[in-house]
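Engineer: what follows is a predicted protein model with its sequence.
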2 protein chains.
Amino acid sequence: METFGIGEVARRVGVRPSAVRYYEARGLIEPFGRTGGKRVYGQEAVERMALISFAKAVGFSLAEIRKLLAGFPHDTPAGARWSELASAKLIELDAMSQRIDVMRAALRKISECGCSDLDQCAHSIGKISLSFSHREKVPRSGG
Amino acid sequence: METFGIGEVARRVGVRPSAVRYYEARGLIEPFGRTGGKRVYGQEAVERMALISFAKAVGFSLAEIRKLLAGFPHDTPAGARWSELASAKLIELDAMSQRIDVMRAALRKISECGCSDLDQCAHSIGKISLSFSHREKVPRSGG
DNA sequence: TTAGGACTTCAAGCTGACTTGAGGTCAAGA
DNA sequence: TCTTGACCTCAAGTCAGCTTGAAGTCCTAA
């Protein structure tokens, strides 16, 4: 079986070794074993790391990812887990997507209006931003 | 002319007074003046704060927002500013939007597949996440 | 006159996701 | 044998974007 050192795993996924250790400390991943004190990983670790990267990019926090990887607490009905967390996240995502659409519309207006400063631009932006500040807050992703 | 204390400005925009002071410290906003040491704001401060909130929600960092509000460095050709930063941000936004679509597709799959753990789900997610980890990175929004 | 509330400053603390640095270990190659 | 490079641990530092706390000021109302 093919094995990797932490450096190789990190390189393949595009992160630093320190990040892999950090994920381990946070309970997201574990080495296959150790040889001479050094962590040894298998191919599945690379996939798990890729999955973590994906989930992170998708807006999950490390704590959420740990839940995804480990399952819900024991009082949660079986068969839930991923699908449950995923559908919750989908709702967040839809809201996020809508926000992005609003902001794209606004930015497009700004980039077309040719204004060089705020006073000129206030007209086109003012209403958007004022109406925006009265919406409900959507939880941040990644922060 | 109608004036507000920092508390009122904050309340109207939905932030804490400390955030307003923080924005001031970072050069994003200034009070109209002071009376008895206390900051006094006008209506335009409320709008500016709303604009800041909007820009933040849209993914601008406070440093970027300061640039937006103050204009580019002096060696930047006039007439750029907002429209320039806006169109740069639009590109980021488009990438972000695409990522969200990828992740929505993935999450939808997950929430429909009924898998209860990673091993079961690996099949449906593996390819997405592996291909995902080889994309170029898009800067995070909202640090 | 005194209490209250809203404000002031400044320094320090917090969260998340890491990175960096110091000091040490281990195996391989010249 | 010595060096090199990759690794180890643990503590502390970093960054953004604030919040919190302490100690003090100012105005208003009772």
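Structural biologist: Noted; the coordinates are in hand.

Engineer: so which residues on chain A come close to DNA strand D?
Structural biologist: Chain A has residues A:5, A:6, A:7, A:8, A:17, A:21, A:31, A:37, A:38, A:39 near DNA strand D, with proximity defined as Cβ under 7 Å from any atom of the strand. Glycine gets a C-beta too; all of them are placed from N, C-alpha and C.

Engineer: and the pLDDT for the fourth one?
Structural biologist: So that's residue A:8. Residue A:8 carries a pLDDT value of 96.

Engineer: skipping its backbone neighbours, what lies nearest it in space?
Structural biologist: Using Cβ to Cβ, 6 or more residues apart in numbering or on different chains and skipping the chain neighbours, the partner closest in space to residue A:8 is residue A:41 (7.8 Å).

Engineer: now do that neighbour against residue B:102, distance only.
Structural biologist: The gap separating residue A:41 from residue B:102 is 26 Å, by Cβ to Cβ, to the nearest Å.

Engineer: is residue A:62 in contact with residue A:29, as I believe?
Structural biologist: No - here residue A:62 does not reach residue A:29: they are 10.7 Å apart, not a contact under Cβ atoms under 8 Å.

Engineer: what is in contact with the two at once?
Structural biologist: Shared contacts of residue A:62 and residue A:29, defined by Cβ atoms under 8 Å, 6 or more residues apart in numbering or on different chains, are found at residue A:23.

Engineer: returning to what we had before: between residue A:41 and residue B:102, which has more neighbouring residues?
Structural biologist: Using other Cβ atoms under 10 Å in any protein chain shown, the more surrounded residue of residue A:41 and residue B:102 is residue A:41, with 24 against 16.

Engineer: quickly check: stretch A:6-25 near DNA strand C or not.
Structural biologist: Yes - against DNA strand C, stretch A:6-25 shows contacts by Cβ under 7 Å from any atom of the strand at A:15, A:16, A:18, A:19, A:21, A:22.

Engineer: quote the end-to-end distance of that stretch.
Structural biologist: 14 Å (Cα to Cα, to the nearest Å).

Engineer: ok, residues contacting it?
Structural biologist: A:4, A:29-31, A:38-39, A:41, A:45-46, A:49-50, A:52-53, A:62, B:133-134, B:137.

Engineer: which ones among the residues you listed map onto helices?
Structural biologist: Members of the contacts of stretch A:6-25 lying in helices (criterion: DSSP state H): A:45, A:46, A:49, A:50, A:52, A:53, A:62.

Engineer: what sits against the first one?
Structural biologist: Spelled out, it's residue A:45. Residues in contact with residue A:45 (Cβ under 8 Å, 6+ apart) are A:4, A:9, A:29, A:31, A:32.

Engineer: circling back to that earlier point, got a PyMOL select line for the buried ones in the ones in helices among the contacts of stretch A:6-25?
Structural biologist: Selection command for PyMOL covering only the buried members of the ones in helices among the contacts of stretch A:6-25, criterion 16 or more other Cβ atoms under 10 Å in any protein chain shown:
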select buried, chain A and resi 45+46+49+50+52+53
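
Engineer: so which residues of chain A form strands?
Structural biologist: Ranges of strands within chain A are A:33-35, A:38-40, based on DSSP state E.

Engineer: and among those strands, the most buried is which?
Structural biologist: When the strands of chain A are scored by mean count of other Cβ atoms under 10 Å in any protein chain shown, the highest mean neighbour count falls to strand A:38-40 (a mean of 16).

Engineer: need the residues that contact it.
Structural biologist: Strand A:38-40 is contacted from outside by A:3, A:4, A:5, A:6, A:24, A:31, A:32, A:33, A:34, using Cβ under 8 Å, 6+ apart.

Engineer: that strand pairs with which strands, parallel or anti?
Structural biologist: Using DSSP bridges, strand A:38-40 pairs in its sheet with strand A:33-35 (antiparallel).

Engineer: tell me how far the residue in chain A positioned nearest to DNA strand D lies from chain B.
Structural biologist: Relative to DNA strand D, the nearest point of chain A is residue A:7 (2.3 Å; Cβ to the nearest atom of the strand). From residue A:7 across to chain B, the span is 16 Å (Cβ to the nearest Cβ, to the nearest Å).

Engineer: again with residue A:88
Structural biologist: 9 Å.
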